[in-house]
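Engineer: just coords:
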């Protein structure tokens, strides 16, 4: 994870002025024992004076669902990898047998491209904005105007950047993110590929099956463009064929299906599987209708010399063509099913490819594989929970194992097992002394934080369960095919569900007098703490409630689900309340902070919106990856995206980032310090301000649990504020 990303991110979201909490961070005995081991290691490592120059630490995790690989046009040892989640990885492939992850950028990207000199990366994403990044992961600029729809394609020229959105609009931008000229319209489908010719003309491919050339007729200060349709599919593809060819989902789209050679020649691929060429003046060149055995083409790339075109297709191959459409060289058949991406290195003697087998490979042009980038093997946690009392995380994996880890700990408590059943949710008790895990059979397991088992209950049917602790008295709520409240002596009360329905989400009001639950089929119910219904269950218009929280004042319940881009509100008397609107992506997570009167909502486009209830938006935080979980711990807000965990302070500035794994929690601070399990720490690389890789000894000097914990010390109180 690139630390410079966090150093520069906060300025692009509105902040909420206010002080931060203060106080010591108290840990239960189990965590104090773990922390003692870390601190001892920190003292030993601290014998050498740590370097004072800026240092950037990057965890060397492998690629996850890669979709695009793009060589820097200036440096042949630098490769940009776009993952389906929207994360950008910048890899140093100087030694192809030992590639290094140089920067990891949560960019929320659907498309990305290098600048011609290779010094900047430009991305477009689901939040409708265009972003500029340095190659070491620092945020450099962001478009001041969000487009009306997700940005599906970007291209970078020497003087301007061009972007195309889901609605078919093309916009130009200056390097500082300000708009340039008027939008280009007329496309009847999403813009799926863009290119800029040497003379400043713009080439576009649209979902309406057209290739357009936008001829530049204005000046650099006042650009104007006249469109010409170079090609139009006679018969638009049917919906299923179009979906297969585009392979569009919420996070990524088409690769480069229109490309321009250095002399201005054009190559393009539409959805009919044909490869088309045009000369620099726009006259028609060669056409190959059977370029990939009449299967759709997925990506194109011209060699730096412009004499060779590479095409990648759904037949699993990369093929090479002369400008007259005749085959050249041997095809590369190194991926299973489809090849999503192809890119020439600056020397023109090799290519990088990405396939449907989720592998990034480097090749010589004769088909010899040079290298394969490492791929992440382990799945992200199924669920996590943060202790309300201290910097501790409980992690549950898909194999039915949970662990409890102090932030930055060298070791974790666990594994905590519940037999053969997978763990589906986690919750800490309000005093942080116990943790519960819901299981896939509708039951739960409960442990003290030192690993001793405190309770267990098997379910009544093979359905997943969700758990949450009640208050006054503290009991455990378990939702599955029924809703149960469990005390030390067993089930206190239960509420039956509806046929084929499941309780998927639970929350307690801040004073513990009410319990709310949402279901798979879109029902919301509210109960008193004694089990009596507080109001009748309500059926919402859309099904599958994925998140539910009480508003801070306890007078309404907020829900997200049904693939909706807003948050529904319902008062505790059963009447509808005003919604929270503003997200572009599907809302995926909710959290409330009763102490601060705040609600946070997160969406699939990586944006978190913070609301001062009853519904005034006060801040927007760009996480940059689809958020799966969201929460508050006193003055700290956290967001989980896959295996990454991000922490933000009271003014929504990034405090730290973490990588979650079965070995523990590896944590980074913005000033380049890290702490965590020994195995994970061994995979950390550190870079100085010039981008030089530090030696293992120099990197070890940045390992300090004290520095990591200091980042949290003013944000975590000893306990919740007194009422």
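Structural biologist: The structure has been received and is ready for your questions. What you are looking at is a predicted structure, and each value in this text was computed from that prediction instead of being measured.
Engineer: Distance of the residue most central in space within the chain relative to residue 603?
Structural biologist: Taking Cα atoms, centre = their mean, the centroid of the chain lies closest to residue 625, which sits 1.9 Å from it. Distance of residue 625 to residue 603, computed by Cβ to Cβ, to the nearest Å: 11 Å. Backbone N, C-alpha and C define where each C-beta goes, glycine included.
Engineer: Please apply the same query to residue 687.
Structural biologist: Distance from residue 687 to residue 603, by Cβ to Cβ: 32 Å.
Engineer: And residue 618, by the same measure?
Structural biologist: Counting by Cβ to Cβ, the gap from residue 618 to residue 603 is 17 Å.
Engineer: Check residue 437 too.
Structural biologist: 27 Å.
Engineer: Do I have it right that residue 503 meets residue 468?
Structural biologist: No - between residue 503 and residue 468 there is no contact under Cβ atoms under 8 Å: 10.6 Å.
Engineer: any common contacting residues for those two?
Structural biologist: Common neighbours of residue 503 and residue 468, counting by Cβ atoms under 8 Å, 6 or more residues apart in numbering, are absent.
Engineer: More neighbours: which of the two?
Structural biologist: residue 503 (27 against 23; other Cβ atoms under 10 Å).
Engineer: of residue 437 and residue 603, who's got more company?
Structural biologist: Set residue 437 next to residue 603 and count neighbours by other Cβ under 10 Å: residue 437 wins out with 30 against 26.
Engineer: which phi and psi does that one have?
Structural biologist: For residue 437, the backbone dihedrals are phi -130, psi 130 (criterion: degrees, to the nearest 10).
Engineer: same question, residue 698
Structural biologist: The phi/psi pair for residue 698 (degrees, to the nearest 10) is phi -70, psi -40.
Engineer: quick one: the closest residue to residue 496 other than its chain neighbours from residue 175, how far?
Structural biologist: Nearest residue to residue 496, sequence neighbours excluded (Cβ to Cβ, 6 or more residues apart in numbering): residue 482, at 5.5 Å. Per Cβ to Cβ, residue 482 is found 59 Å from residue 175.
Engineer: can you check residue 74 too?
Structural biologist: 17 Å.
Engineer: Kindly report the same for residue 233.
Structural biologist: On the measure of Cβ to Cβ, residue 233 and residue 175 end up 35 Å apart.
Engineer: Which one's more surrounded, the two?
Structural biologist: Neighbours per residue, other Cβ under 10 Å: of residue 233 and residue 175, the larger number sits with residue 175, 17 against 14.
Engineer: And the helices in the stretch 201-350 of the chain?
Structural biologist: 239-246 (DSSP state H, counting those that start in this stretch).
Engineer: where does it dip in pLDDT?
Structural biologist: Along the stretch 201-350 of the chain, segments meeting pLDDT under 70 span 234-255.
Engineer: The chain now?
Structural biologist: Short version for the chain, where the test is pLDDT under 70: 1-52, 145-147, 234-255, 460-462, 717-723.
Engineer: Helices of that one, start to end?
Structural biologist: 3-9, 29-45, 239-246, 678-681, 696-700, 705-713 (DSSP state H).
Engineer: I'd like the distance between residue 468 and residue 118.
Structural biologist: In terms of Cβ to Cβ, residue 468 sits 50 Å off from residue 118.
Engineer: gap between residue 440 and residue 382?
Structural biologist: Taking Cβ to Cβ, one finds residue 440 at 10 Å from residue 382.
Engineer: Isn't residue 333 up against residue 319?
Structural biologist: No - using Cβ under 8 Å, residue 333 makes no contact with residue 319, being 9.7 Å away.
Engineer: neighbour-wise, which of these two wins?
Structural biologist: Neighbours were counted for residue 333 and for residue 319 using other Cβ under 10 Å; residue 319 has more, 25 against 13.
Engineer: so how far does stretch 218-227 reach from one end to the other?
Structural biologist: One end of stretch 218-227 to the other measures 13 Å (Cα to Cα, to the nearest Å).
Engineer: what's the closest non-adjacent residue to the residue nearest to the centre of the chain?
Structural biologist: residue 641 (3.5 Å).
Engineer: wait, what's in contact with that neighbour?
Structural biologist: By Cβ under 8 Å, 6+ apart, residue 641 lies in contact with 85, 106, 606, 623, 624, 625, 626, 627, 628.
Engineer: and which of those is nearest to residue 697?
Structural biologist: Distances from residue 697 to the contacts of residue 641, taken as Cβ to Cβ, are shortest for residue 106 (29.5 Å).
Engineer: How about the closest one: which residues does it bridge to?
Structural biologist: For residue 106, the residues forming beta bridges with it (DSSP bridges) are residue 87.
Engineer: Residue 154 is in contact with residue 112, isn't it?
Structural biologist: Yes - in this structure, residue 154 is within contact of residue 112 by Cβ under 8 Å, at 6.8 Å.
Engineer: shared neighbours, the two?
Structural biologist: Contacts common to residue 154 and residue 112, judged by Cβ under 8 Å, 6+ apart, are 122, 123, 124.
Engineer: Most neighbours of all those, which one?
Structural biologist: Result: residue 124 is most packed of the shared contacts of residue 154 and residue 112 (other Cβ under 10 Å), 33 neighbours.
Engineer: Which residue comes closest to it once chain neighbours are left out?
Structural biologist: residue 151 (2.9 Å).
Engineer: who's in contact with that neighbour?
Structural biologist: 110, 111, 124, 125, 126, 128, 129, 130, 163, 164, 165.
Engineer: need those residues in CSV with distance to residue 527, can you?
Structural biologist: Below are the contacts of residue 151 laid out as CSV (distance: Cβ to Cβ, whole Å):
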residue, distance to residue 527
110, 42
111, 47
124, 46
125, 41
126, 37
128, 40
129, 42
130, 47
163, 49
164, 50
165, 45
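Engineer: so which of the residues you listed comes closest to residue 453?
Structural biologist: Nearest to residue 453 among these, with distances taken as Cβ to Cβ, is residue 126, at 42.8 Å.
Engineer: mind checking how far residue 508 is from residue 483?
Structural biologist: Counting by Cβ to Cβ, the separation of residue 508 from residue 483 is 13 Å.
Engineer: circling back: the residue nearest to the centre of the chain reaches residue 108, doesn't it?
Structural biologist: Yes - in this structure, residue 625 is within contact of residue 108 by Cβ under 8 Å, at 6.7 Å.
Engineer: between those two, what contacts are shared?
Structural biologist: 86, 606.
Engineer: Can you give the distance of stretch 438-458 from its chain's centre?
Structural biologist: Counting by Cα atoms, centre = their mean, to the nearest Å, stretch 438-458 is centred 30 Å from the centre of its parent chain.
Engineer: same check, this time on stretch 696-710
Structural biologist: Here the centre of stretch 696-710 is set off from its chain's centre by 26 Å, with Cα atoms, centre = their mean.
Engineer: how long is it from one end to the other?
Structural biologist: Start-to-end, stretch 696-710 (Cα to Cα) is 24 Å.
Engineer: and what of stretch 443-454?
Structural biologist: 14 Å.
Engineer: for it, which positions count as buried?
Structural biologist: Counting neighbours by 16 or more other Cβ atoms under 10 Å, one finds that the buried residues in stretch 443-454 are 443, 444, 445, 446, 447, 448, 449.
Engineer: how about the nearest residue to the first one, chain neighbours excluded?
Structural biologist: This means residue 443. residue 459 (4.0 Å).
Engineer: Over to the third one?
Structural biologist: Here the nearest residue to residue 445 in space, its sequence neighbours aside, is residue 418; by Cβ to Cβ, 6+ apart that works out to 4.1 Å.
Engineer: Double-check the one you found against residue 442; I have them as touching.
Structural biologist: No - using Cβ under 8 Å, residue 418 is not in contact with residue 442; the gap is 11.8 Å.
Engineer: the strands in the stretch 201-350 of the chain, which residues?
Structural biologist: Ranges of strands in the stretch 201-350 of the chain, per DSSP state E, counting those that start in this stretch, are 202-206, 210-216, 225-232, 258-260, 266-269, 275-278, 284-288, 297-302, 309-313, 318-321, 339-344, 350-355.
Engineer: Now tabulate those strands in a markdown table and tack on distance to residue 389.
Structural biologist: Listed next are those as a markdown table, based on distance: least, Cβ to Cβ, whole Å:
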| stretch | distance to residue 389 |
| --- | --- |
| strand 202-206 | 54 |
| strand 210-216 | 59 |
| strand 225-232 | 60 |
| strand 258-260 | 56 |
| strand 266-269 | 57 |
| strand 275-278 | 62 |
| strand 284-288 | 66 |
| strand 297-302 | 51 |
| strand 309-313 | 52 |
| strand 318-321 | 55 |
| strand 339-344 | 46 |
| strand 350-355 | 44 |
